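*Asks:* here is my input; please provide its structure:
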Amino acid sequence: MKKQHNILVVDDEKPLRITTSNLVESIGGCTVQTAEDGMEAMQCLRSWEFDLVITDNNMPGMEGVELLERMRAEERFKHIPVILQSGDGYPGLETRVKELGGRFLTKPSEKFIETVEELLASRK
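*Replies:* Numbers count the residues shown, from 1 in each chain. Next up is the predicted model:
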């Protein structure tokens, strides 16, 4: 039996949250929960077990890179793969994400599905 993966999608823009969720669900074997920002994402992480976090970077309150930094600062979240997406990154963003062990994708990315599948395969 195929493992059911729990995915957290974080984006402050509802249409993008829905689109990303639908893409992830199209892979099959994935249950998606969503959060509107980094603070809500941290609450979700403390309430559920996730196999992958997909986050936008540019969000009010807590950017995606700060969410990734906070996740890496807590032992129980260090192992969770993170995809950080951004339509307009700032200098050094991709490098910082990689330093934190995350994957950086520019929105929209042709490699989105491939990257999600690769990271989930490592969670079996």
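
*Asks:* can you give me the helices for the protein?
*Replies:* Here the chain has its helices, by DSSP state H, at 14-27, 38-47, 64-73, 93-99, 112-121.

*Asks:* nearest spatial neighbour of the residue nearest the centre of the chain, skipping sequence neighbours?
*Replies:* Residue closest to the average C-alpha location in the chain (Cα atoms, centre = their mean): residue 54, at 1.5 Å. Leaving aside its sequence neighbours, residue 54 sits nearest to residue 83 (Cβ to Cβ, 6 or more residues apart in numbering; 4.6 Å). No exception for glycine: its C-beta is placed from N, CA and C like everyone else's.

*Asks:* could you dump the helices of the chain into CSV and include mean pLDDT, mean neighbour count and distance to residue 79?
*Replies:* Formatted as CSV, those follow (pLDDT from 0 to 100; neighbours: other Cβ atoms under 10 Å; distance: least, Cβ to Cβ, whole Å):
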stretch, mean pLDDT, mean neighbour count, distance to residue 79
helix 14-27, 93, 15, 19
helix 38-47, 96, 17, 12
helix 64-73, 97, 21, 10
helix 93-99, 94, 16, 17
helix 112-121, 91, 15, 12
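
*Asks:* any idea which of these gets closest to residue 3?
*Replies:* Among the helices of the chain, the nearest to residue 3 by Cβ to Cβ is helix 112-121 (8.5 Å).

*Asks:* elements contacting the closest one?
*Replies:* If you count contacts as 3 or more Cβ pairs under 8 Å, 6 or more residues apart in numbering; DSSP states H and E, helix 112-121 packs onto helix 14-27, strand 52-56, strand 82-86, strand 103-106.

*Asks:* using a markdown table, lay out these together with distance to residue 72.
*Replies:* Formatted as a markdown table, the helices and strands packed on helix 112-121 follow (distance: least, Cβ to Cβ, whole Å):
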| stretch | distance to residue 72 |
| --- | --- |
| helix 14-27 | 22 |
| strand 52-56 | 11 |
| strand 82-86 | 9 |
| strand 103-106 | 14 |
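
*Asks:* of all the ones you listed, which lies closest to residue 76?
*Replies:* Going by Cβ to Cβ, the one of the helices and strands packed on helix 112-121 nearest residue 76 is strand 52-56, 13.1 Å.
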